[in-house]
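S.K.: Sequence and predicted structure are below.
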Amino acid sequence: MGELFSGPGGMAMGARRAADAVAGVDLRHAWANDYDLDTCRTYHHNILVPEYGQRAVVVESSDALPLGGGGVVHQNVHDLDIEALSPIDGFAFGFPCNDYSLVGEWKGLNGEYGPLYTYGVKVLATKRPKWFVAENVSGLRGANEGEAFKQILEHLQEPAEGLRYRLVPHLYSFDEYDVPQRRQRIVIVGIRDDLDTIFRVPSPEIYADRDVSVMTALTAPRIEVGAPNHEYARQSQDVIDRLSYLLPGENAFSPRALEIMPKRLQIKTRTTISTTYKRLEASKPAYTVTGGGGGGSHMYHWSQNRALTNRERARLQSFPDSFVFHGLKDSVRKQVGMAVPVKGAEAIFTALFKSFADIDYPAIEANVDVNKMLASRRSRAA
């Protein structure tokens, strides 16, 4: 398996867990790439070192990858020599979502990050893997009036002349797949068209009895004192006072809170983002963990007047406490927020590996009709 835009390793850890659970699957991480050095170090420590030991490396060029895999390339994808990467059977890429996110300017293909999916297409065209898994935000569907998603699907379906993939795009809500967070993401699974394997979307009913509440995620078991990435943020007295007026589920603009909150603590902005100083609700999944943002965007405890620690955010992304993130607090926050939830990835890869192993599993119909979308695009082009 190879990865572009690998992040800290949520997709990779999910794939590894799935491989361990499905008989007959031997998964090896051939190579990975990310532009951020802390992220590469995190991936190296948690994904590659357990597998390759001292042979695992972080390098600055794909030419320097060791034979037999075990390397992560710290390099901007624009400069990456894709031709030099070793052959792979499977490919994963969570191409950057900045220009497709509903929270941003929604530039889509016209933004700085929008066209980066094409590097994934180039990997498919040159390495011809048997399968791929691509992930992006739910806003991808509507960017550029819906045309961006159609173009991406078209390029993934036929990345090169004579090479086609059967695509199964689906909008997953990861709280339905044992992740304690309401995080909706488009995941596209592709299988090379010359293979008989058929992928189906795994049914969330498999996970229906799982407790995905915030309280369970953060307290069962309790995080040990001194756990990695569990440093508490220094809260100003104004932040502490502001939070004291908010009930679980409320934010800085909730009408009830504004009626009793002193004027000096009220947020004066033209836009009112619903997650600003929003408290979590102990009995429900968290709202979406993000990787950046200023004051009021750090996610807030349901009863304590403080922001969550990075370790707590990592639990909401279903990373185990043994997963150590490298870098300073802001860097770790970014890595956690940009990652694919481990258990969400595990559910998808388990279904994928069972498909190749010809093992049946409960499945549902995909909620994105790829044939209809591509037909619409071709009709418009004509």
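M.R.: Perfect, I can see it now.
S.K.: I'd say F325 and V336 touch.
M.R.: Yes: between F325 and V336 a contact is recorded at 6.7 Å, counting by CB atoms under 8 Å. Bear in mind the C-beta positions are built from the backbone N, C-alpha and C, glycine included.
S.K.: Now do the shared contacts for those two.
M.R.: Each of 8, 310, 314 lies in contact with both F325 and V336 under the rule CB atoms under 8 Å, 6 or more residues apart in numbering.
S.K.: Tell me the most packed of those residues, by neighbour count.
M.R.: With neighbours defined as other CB atoms under 10 Å, the most crowded of these is P8; it has 33 neighbours.
S.K.: Quick check: that residue is in a helix.
M.R.: No: assignment of P8 by DSSP: H, G, I helix; E, B strand; the rest coil gives coil, placing it outside any helix.
S.K.: I'd like to know how many residues surround N136.
M.R.: N136 is flanked by 23 other residues according to other CB under 10 Å.
S.K.: And it, its phi and psi?
M.R.: Backbone geometry at N136, expressed as degrees, to the nearest 10, gives phi -160, psi 170.
S.K.: Can you tell me who it pairs with across the strands?
M.R.: On DSSP bridges, the residues paired with N136 through beta bridges are I186.
S.K.: Does it touch F93 like I think?
M.R.: No: the criterion here is CB under 8 Å, and N136 misses it with F93 at 9.5 Å.
S.K.: any residues in contact with both of the two?
M.R.: Contact criterion CB under 8 Å, 6+ apart; residues bridging N136 and F93 by contacting each: Y117.
S.K.: Contacts only, for the residue lying closest to P87 once chain neighbours are set aside.
M.R.: Closest residue to P87 apart from its sequence neighbours, by CB to CB, 6 or more residues apart in numbering: K127 at 6.0 Å. For K127, the set of contacting residues under the criterion of CB under 8 Å, 6+ apart consists of 2, 85, 87-88, 91.
S.K.: which one of those residues sits closest to Y361?
M.R.: Checking those against Y361 by CB to CB gives F91 as the nearest, at 22.1 Å.
S.K.: burial measure for the closest one, as a count.
M.R.: Other residues near F91 come to 22 when the count uses other CB under 10 Å.
S.K.: again with N367
M.R.: 10.
S.K.: mind checking pLDDT for it?
M.R.: Model confidence at N367, expressed as pLDDT, equals 95.
S.K.: re the thing from before, the contacts of K127 into JSON lines, with extra columns for pLDDT?
M.R.: Listed next are the contacts of K127 as JSON lines, based on pLDDT from 0 to 100:
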{"residue": "G2", "pLDDT": "97"}
{"residue": "L85", "pLDDT": "95"}
{"residue": "P87", "pLDDT": "95"}
{"residue": "I88", "pLDDT": "96"}
{"residue": "F91", "pLDDT": "98"}
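S.K.: who wins for neighbours among the residues you listed?
M.R.: In terms of neighbour count, G2 stands highest of the contacts of K127 at 24 neighbours, by other CB under 10 Å.
S.K.: Okay, and the beta partners of that residue?
M.R.: Note on G2: beta-bridge partners by DSSP bridges are W31, F91.
S.K.: ok, the contacts of K127 vs F199, which is closest?
M.R.: In terms of CB to CB, no member of those lies closer to F199 than F91, at 14.2 Å.
S.K.: Now do the closest one against V121, distance only.
M.R.: Summarising the geometry, the distance separating F91 from V121, computed by CB to CB, to the nearest Å, is 11 Å.
S.K.: wait, what's in contact with the residue nearest to the spatial centre of the chain?
M.R.: For the chain, the residue sitting closest to the mean C-alpha position, by CA atoms, centre = their mean, is V340 at 2.2 Å. With contact taken as CB under 8 Å, 6+ apart, V340 is in contact with 7, 10-11, 14, 94, 135, 185.
S.K.: will you turn those residues into TSV that also has pLDDT and neighbour count?
M.R.: Putting the contacts of V340 into TSV (pLDDT from 0 to 100; neighbours: other CB atoms under 10 Å) gives the following:
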residue	pLDDT	neighbour count
G7	96	26
G10	98	29
M11	97	30
G14	98	24
G94	90	24
E135	95	23
R185	94	20
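S.K.: Now S376: closest residue in space, sequence neighbours ignored.
M.R.: Spatial nearest neighbour of S376, chain neighbours left out: K150 (6.8 Å); criterion: CB to CB, 6+ apart.
S.K.: The one you found: what's it in contact with?
M.R.: Contacts were defined as CB under 8 Å, 6+ apart; by that measure K150 touches 373-374, 376-377.
S.K.: just D63 next, same as before
M.R.: Counting by CB under 8 Å, 6+ apart, D63 makes contact with 81, 84.
S.K.: Distance check, Q75 against S6.
M.R.: For Q75, the distance to S6 (CB to CB) stands at 12 Å.
S.K.: end to end, how far does stretch 166-186 reach?
M.R.: Between the opening and closing residues of stretch 166-186 there is a gap of 16 Å (CA to CA, to the nearest Å).
S.K.: what about the residue nearest to S376, which SS state?
M.R.: Under three-state DSSP, K150 falls in the helix class.
S.K.: in this protein, which spans are strands?
M.R.: Secondary structure of the chain, counting by DSSP state E: strands at 2-4, 31-34, 57-59, 71-74, 90-93, 131-137, 165-173, 184-192, 201-202, 363-364.
S.K.: Note down every partner strand of the third one and its orientation.
M.R.: Taking DSSP bridges as the criterion, strand 57-59 sits next to strand 71-74 (parallel) in its sheet.
S.K.: Give me the buried positions along stretch 358-367.
M.R.: Across stretch 358-367, burial judged by 16 or more other CB atoms under 10 Å covers 363, 366.
S.K.: For P202, the count of nearby residues, please.
M.R.: Under the neighbour criterion other CB under 10 Å, P202 is assigned a count of 23.
S.K.: OK, contacts around it?
M.R.: Taking CB under 8 Å, 6+ apart as the definition of contact, the neighbours of P202 are 177, 347-348, 350-351, 361-364.
S.K.: Max pairwise distance over the residues you listed: which two?
M.R.: Using CB to CB, those span at most 14.7 Å, a distance reached by T350 and I364.
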